[in-house]
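Asks: got a sequence here, can you build the structure:
(4 chains)
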Number of protein chains: 2
Amino acid sequence: MSKETSFHHGDLKRVLFDAALKLLDRDGVDGVTIRALAREAGVSHGAPVNHYRDREALLTALVKRQFETILKSVEEGLSAATAAPNAWIEVFGKALLDFGFQYPHRYKLLWRGDLIDLQDNDLSKLMDQIYDQLCDEIERSVPEAEFDRDTVAVAFWSMIHGYLDMRLSGMFVPLDDKVSGKPRDVALLELFKMLVSHGKS
Amino acid sequence: MSKETSFHHGDLKRVLFDAALKLLDRDGVDGVTIRALAREAGVSHGAPVNHYRDREALLTALVKRQFETILKSVEEGLSAATAAPNAWIEVFGKALLDFGFQYPHRYKLLWRGDLIDLQDNDLSKLMDQIYDQLCDEIERSVPEAEFDRDTVAVAFWSMIHGYLDMRLSGMFVPLDDKVSGKPRDVALLELFKMLVSHGKS
DNA sequence: ACTATTAAATAGACGGTGTCAATATGGGTT
DNA sequence: AACCCATATTGACACCGTCTATTTAATAGT
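Replies: You can find the predicted model right below:
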């Protein structure tokens, strides 16, 4: 049973997924409705249920794909990183910030725990992989830290995510979010770099 | 025209507001529907439009009230704060963290820019007041900072908000979010305190 | 090759939502 | 007493997710 040309439509699942991503980028998650998907794919409103149990399953699939992308981006960044002591800050920072600013609606969806299946094992595994990569880098780079490793990891990820979330939600719209010519996010990364450097007072 | 007993219901506006808050705390923002509100208040589904133009107006009113509460909490905390150099970290940190963990659905709503009216002047003013308070405290406490004042403010608020958002969304559920007996959030505040202390290397 | 099975797609229904238009109601003012 | 107008009701419309047959088509078994 070749899954390629399995039925009427070819492979509707991929078409639906791509349509969902397109709608997400254009209209935000509220625009990603089962029925809009079906319209986009030119099938009846009941068709998608054969490929995605419900909207939660669809959105969870979208989220997993995005975390895969981010994980890959982090891994590539790490393998190409300089030997600088705290290169991980820029690798993780850029991976998340670039993704967030390029695909704001995708990024917002990543944290809509009310819309996706938090029990999904693949999803948990993906997030753990990213978090573990972060912790590993912190351990390598800040070996005798006086800070708890997890605390540094949580603080870093929290700062990045918090900044992105506030910016992308539109709640925080600075007229000019620059500091001495540099974007604010770069300043945030530098500030954090200084934290872990001065740490061993 | 006394606004107290102005009509049939007494003052439906307040009843609707309270019902909205109750529904928000119980079911999250998705449970705050115009029609559920009307049911709760025992009026027809079309009645609320006389007091809240649409759902966006209602949710915006809810958000403004919450920011008022937070602002008041911050102000009280500051006036009662010790003379410790970086007391503001605990005042702002506790104000936000306590509010977030006590009323998770309210806190999440604060940042749903897609659901509320971001052009609302009162709302902007409230957020500015909180942000300005934060900046003032940073200026008083870190006078000759090598860090840009706004960057410190943004970094701090980002970290707090990011941590809260990840925790409350359920995406980040550590088995045991403690570090050497203390809750993680306390560790985050201590870490940030260390940052601004060691800053003037 | 024909049939049986099963996956996939359709069509229709139900209950829910926000929002709008038309209508009814009642308090306060003239 | 007559009027006005804010308030409340009712009903409609277009969406939504999801469930139920029902039909269609591709595959598997004999």
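Asks: what residues of stretch A:113-121 count as buried?
Replies: Residues of stretch A:113-121 classed as buried by neighbour count (16 or more other Cβ atoms under 10 Å in any protein chain shown): A:G113, A:L115, A:I116, A:D117, A:D120. To be clear about C-beta, it is placed using only N, CA and C from the backbone, and glycine gets the same treatment.
Asks: so does the helix-or-strand element of chain A with minimal mean pLDDT get close to chain B?
Replies: In chain A, no helix or strand scores lower on mean pLDDT, DSSP states H and E than strand A:178-179, which sits at a mean of 80. Yes - Strand A:178-179 comes into contact with chain B (Cβ under 8 Å from any Cβ of the partner chain), by way of A:V179.
Asks: show residues contacting that strand.
Replies: A:R184, A:A187, B:D148, B:D150, B:T151 (Cβ atoms under 8 Å, 6 or more residues apart in numbering or on different chains).
Asks: which among those gets closest to B:V173?
Replies: A:R184 (29.5 Å; Cβ to Cβ).
Asks: residues contacting the closest residue to the closest one other than its chain neighbours?
Replies: Nearest residue to A:R184 in three dimensions, chain neighbours excluded: A:D177, at 4.4 Å (Cβ to Cβ, 6 or more residues apart in numbering or on different chains). Contact analysis of A:D177 by Cβ under 8 Å, 6+ apart lists A:R167, A:P183, A:R184.
Asks: name the nearest residue to the residue in chain A that chain B sits nearest to, ignoring sequence neighbours.
Replies: Of all residues in chain A, A:G162 sits closest to chain B, at 2.7 Å by Cβ to the nearest Cβ. Leaving aside its sequence neighbours, A:G162 sits nearest to B:G162 (Cβ to Cβ, 6+ apart; 2.7 Å).
Asks: so which elements touch the host helix or strand of that neighbour?
Replies: For B:G162, the host element (DSSP states H and E) is helix B:149-169. Contacting helix B:149-169 under the criterion 3 or more Cβ pairs under 8 Å, 6 or more residues apart in numbering or on different chains; DSSP states H and E are the following elements: helix A:149-169, helix A:184-198, helix B:87-102, helix B:104-110, helix B:121-141, helix B:184-198.
Asks: out of those helices, deepest packed?
Replies: helix A:149-169 (a mean of 23; mean count of other Cβ atoms under 10 Å in any protein chain shown).
Asks: and A:H105, how far from DNA strand C?
Replies: From A:H105 across to DNA strand C, the span is 20 Å (Cβ to the nearest atom of the strand, to the nearest Å).
Asks: is that residue in contact with A:D25, as I believe?
Replies: Yes - A:H105 is within contact range of A:D25, at 5.8 Å (criterion: Cβ atoms under 8 Å).
Asks: hmm, which of the contacts of strand A:178-179 is lowest in pLDDT?
Replies: The lowest pLDDT within the contacts of strand A:178-179 belongs to B:D148, with 87.
Asks: so it touches A:L188, yeah?
Replies: No - the pair B:D148 / A:L188 is not scored as a contact, 10.3 Å apart, by Cβ under 8 Å.
Asks: give me the longest helix you can find in chain A.
Replies: helix A:55-79 (DSSP state H).
Asks: stretch A:103-121: end-to-end distance?
Replies: By Cα to Cα, to the nearest Å, the extent of stretch A:103-121 from end to end equals 25 Å.
Asks: quick one: check it for contact with chain B.
Replies: Yes - for stretch A:103-121, a contact with chain B is found by Cβ under 8 Å from any Cβ, at A:L110, A:W111, A:R112, A:G113, A:D114, A:L118.
Asks: which residues are in contact with the one helix or strand A:R26 maps to?
Replies: Per DSSP H and E, A:R26 falls inside helix A:12-27. Identification of contacts with helix A:12-27 by Cβ under 8 Å, 6+ apart yields A:9, A:31-33, A:36-38, A:40-41, A:43, A:47-48, A:50-52, A:58, A:61-62, A:65, A:103, A:105-106, A:109.
Asks: give me the buried subset of those.
Replies: Buried among those by 16+ other Cβ under 10 Å: A:32-33, A:37-38, A:41, A:43, A:47-48, A:51-52, A:58, A:61-62, A:103, A:105-106, A:109.
Asks: distance to B:K13 added to the helices and strands packed on helix B:149-169, as JSON lines?
Replies: Listed next are the helices and strands packed on helix B:149-169 as JSON lines, based on distance: least, Cβ to Cβ, whole Å:
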{"stretch": "helix A:149-169", "distance to B:K13": "27"}
{"stretch": "helix A:184-198", "distance to B:K13": "40"}
{"stretch": "helix B:87-102", "distance to B:K13": "24"}
{"stretch": "helix B:104-110", "distance to B:K13": "19"}
{"stretch": "helix B:121-141", "distance to B:K13": "16"}
{"stretch": "helix B:184-198", "distance to B:K13": "36"}
